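Enquirer: give me a 3D structure for the following:
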Amino acid sequence: MQDAFTKSGVENATVMLYEENADSIPFKEKPMYFVKTSKAGSFTMEYIKAGNYKAVALLDENNNYLFNPKSEAIAFSDSQIEIPTPASDTLGSTFVLFKEDLKRQFVMGKKYTPQGKINLTMNRSSDYLAISGINGLELNSDWINYSLKKDSIEFWLDTNNTKEKFISIFIDDKSNGYADTIKITTPTPKKAQPSSFVITNNAKKGLDNYSDLILTFNKPLSKIDDSKLKLERRDEEVPFNVTQNRGREVMVTSEWIPGKKYVLTIYPHAFTNLLGESTDTVKVSFKYKEEKDYGKLFLNTEVEEGGYILQLLKEGKVVSQKTFEGDSFKHNYNQLAPGQYQLKLIYDENNNSKWDTGIYLKHLQPETVVFYDGEISIRQGWDINLTWKL
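Expert: Presented below is the predicted three-dimensional model:
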């Protein structure tokens, strides 16, 4: 049993067989036979009476052996399976677990901290998502962060200036036709516990070519004093510029020289957050990478005529995504950090440039996902030519 999108084995899924073949059966009746999958997603079902069976699997969250599409993933066979052939052999590659897209937007979760940070988690991603305060509440736009898929929102309140016990937030999601007002309990300064003011950066393993130094803070900034910053190359000061991208992100730009080492010194009060906190002196040391620090992958993909999404992944994260139509695709990845990579191909059957899940009652399986067999090892200064035939 595999996850339809990640193709990883699913543990503790319930594989179920029914004598009746009606689509409504998983909603209202318990199975005649069932078995749980192992840690690797495998299963064996024995002592089954000969006959034809409807096969369904669930991630049964409440252990009631009934399908709840709001919270549970499902897998189903396109046709009945015949016993005595072992069920685990009969169920094909399309028998994969997926969670249906209910096409309905709503707030799945609300979480806040006494320091004034509030997180909202949405049910669906969005192309357009915005929040605003109502009843006189003004939200600082620099203190609002939307996730890349716009399926979660993080924003901050100045707890010193917020006296109401509750606040009202208006959520506007035009792409999903959703608009709603929610109430949130207001964090109060009395409950606030001190927490560290932390800076992270994108240059821990060196700063990539054609990139600038990004400083990310765990709390929104209210003030920047770049006179309390110093950038050095070989103990010699060099000019730089500072730009605030978002409330918690700052970009430092300079005339970077490949192969050279830099040190950015951040003195106290260079950055002050909305709570009035600053950091102690912090030094950020890094090398600006050069061409020899990277490896290259020259990829040729050969497929059947159709629409596709090609992803290059490293440690499970998407490094590059390309869409194409046709029966072949060539691409050169010229700047890859050394490490292990994976290739993932999504059969984009409706050419909407995203993976679509299935719909059980419409007998629609999720779009097919295929991984390249094995990892691709990228080494510093090495080129790899790879043809992937499917």
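
Enquirer: switch to C-alpha atoms for all contacts and neighbour counts from now on
Expert: Noted.

Enquirer: Ala75 belongs to a helix, doesn't it?
Expert: No: assessed with DSSP: H, G, I helix; E, B strand; the rest coil, Ala75 is strand; it does not lie in a helix.

Enquirer: who does it bridge with?
Expert: Ala57 (DSSP bridges).

Enquirer: what's the burial count for it?
Expert: As a burial measure, Ala75 scores 28 neighbours (other Cα atoms under 10 Å).

Enquirer: what distance do you get for it to Leu17?
Expert: Distance of Ala75 to Leu17, computed by Cα to Cα, to the nearest Å: 12 Å.

Enquirer: which residues do the two both contact?
Expert: Val56 (Cα atoms under 8 Å, 6 or more residues apart in numbering).

Enquirer: per-domain residue ranges of the protein.
Expert: Using automatic domain parsing, the domain ranges for the chain come out as 2-97, 107-191, 199-291, 294-389.

Enquirer: weakest of these by average pLDDT?
Expert: The minimum mean pLDDT among the domains of the chain belongs to domain 107-191 (a mean of 83).

Enquirer: chain center to it: distance?
Expert: How far domain 107-191 lies from its chain's middle: 20 Å, per Cα atoms, centre = their mean, to the nearest Å.

Enquirer: likewise stretch 243-255?
Expert: So, by Cα atoms, centre = their mean, the centroid of stretch 243-255 is 23 Å from its chain's centroid.

Enquirer: so for it, what gets flagged as buried?
Expert: 246-252 (16 or more other Cα atoms under 10 Å).

Enquirer: now do the helices in the stretch 151-300 of the chain.
Expert: Here the stretch 151-300 of the chain has no helices by DSSP state H, counting those that start in this stretch.

Enquirer: now the strands for it?
Expert: 152-156, 166-173, 178-185, 199-201, 213-217, 221-224, 229-233, 236-237, 241-246, 249-253, 261-266, 271-273, 282-287, 295-314 (DSSP state E, counting those that start in this stretch).

Enquirer: what packs against the first one?
Expert: By that I understand strand 152-156. In this structure, strand 152-156 packs against strand 117-122, strand 144-146, with contacts taken as 3 or more Cα pairs under 8 Å, 6 or more residues apart in numbering; DSSP states H and E.

Enquirer: can you redo those strands as CSV with distance to Leu66 and mean neighbour count?
Expert: Output for the helices and strands packed on strand 152-156, formatted as CSV (distance: least, Cα to Cα, whole Å; neighbours: other Cα atoms under 10 Å):
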stretch, distance to Leu66, mean neighbour count
strand 117-122, 25, 18
strand 144-146, 35, 18
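
Enquirer: want to throw the ones you listed into a markdown table with distance to Glu375?
Expert: Listed next are these as a markdown table, based on distance: least, Cα to Cα, whole Å:
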| stretch | distance to Glu375 |
| --- | --- |
| strand 117-122 | 33 |
| strand 144-146 | 32 |
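
Enquirer: which one, of those strands, ends up nearest to Lys165?
Expert: strand 117-122 (14.4 Å; Cα to Cα).

Enquirer: downstream neighbour of that closest one in the secondary structure list?
Expert: With elements assigned by DSSP states H and E, the helix or strand that comes after strand 117-122 is strand 130-133.

Enquirer: pull out the buried positions in that next one.
Expert: Buried, per 16+ other Cα under 10 Å, within strand 130-133: 131-132.

Enquirer: repeat that for stretch 24-44.
Expert: 25-26, 30-31, 33-37, 41-43.

Enquirer: and stretch 251-268, by the same measure?
Expert: Neighbour-count burial for stretch 251-268 [16+ other Cα under 10 Å]: 251-252, 256, 259, 261-268.

Enquirer: how about these, which pair is most distant?
Expert: Gly259 and Pro268 (29.3 Å).

Enquirer: sorry, back to before: figure out which of the helices and strands packed on strand 152-156 is closest to Lys99.
Expert: Closest among the helices and strands packed on strand 152-156, using Cα to Cα: strand 117-122, at 15.4 Å.

Enquirer: residues in contact with Ser285?
Expert: If you count contacts by Cα under 8 Å, 6+ apart, then Ser285 has 261-264 around it.

Enquirer: let's go with 6 Å and repeat that
Expert: 262-263 (Cα atoms under 6 Å, 6 or more residues apart in numbering).

Enquirer: please apply the same query to Phe95.
Expert: Contacts of Phe95 by Cα under 6 Å, 6+ apart are 75-77.

Enquirer: cool, and Lys289?
Expert: Counting by Cα under 6 Å, 6+ apart, Lys289 has contacts 207-209, 258-259.

Enquirer: again, only this time at 7 Å
Expert: 206-209, 258-259 (Cα atoms under 7 Å, 6 or more residues apart in numbering).

Enquirer: distance to Asn135 added to the residues you listed, as JSON lines?
Expert: Shown next, in JSON lines, are the contacts of Lys289 (distance: Cα to Cα, whole Å):
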{"residue": "Gly206", "distance to Asn135": "47"}
{"residue": "Leu207", "distance to Asn135": "45"}
{"residue": "Asp208", "distance to Asn135": "46"}
{"residue": "Asn209", "distance to Asn135": "47"}
{"residue": "Pro258", "distance to Asn135": "53"}
{"residue": "Gly259", "distance to Asn135": "55"}
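
Enquirer: quick check, nearest of those residues to Gly177?
Expert: Distances from Gly177 to the contacts of Lys289, taken by Cα to Cα, are shortest for Asp208, at 39.8 Å.

Enquirer: and the gap between Ser152 and Gly109?
Expert: Ser152 is 9 Å from Gly109, by Cα to Cα.

Enquirer: oh sorry, the question was meant for Asp212
Expert: Taking Cα to Cα, one finds Asp212 at 35 Å from Gly109.

Enquirer: and if you look at Ser8?
Expert: 27 Å.
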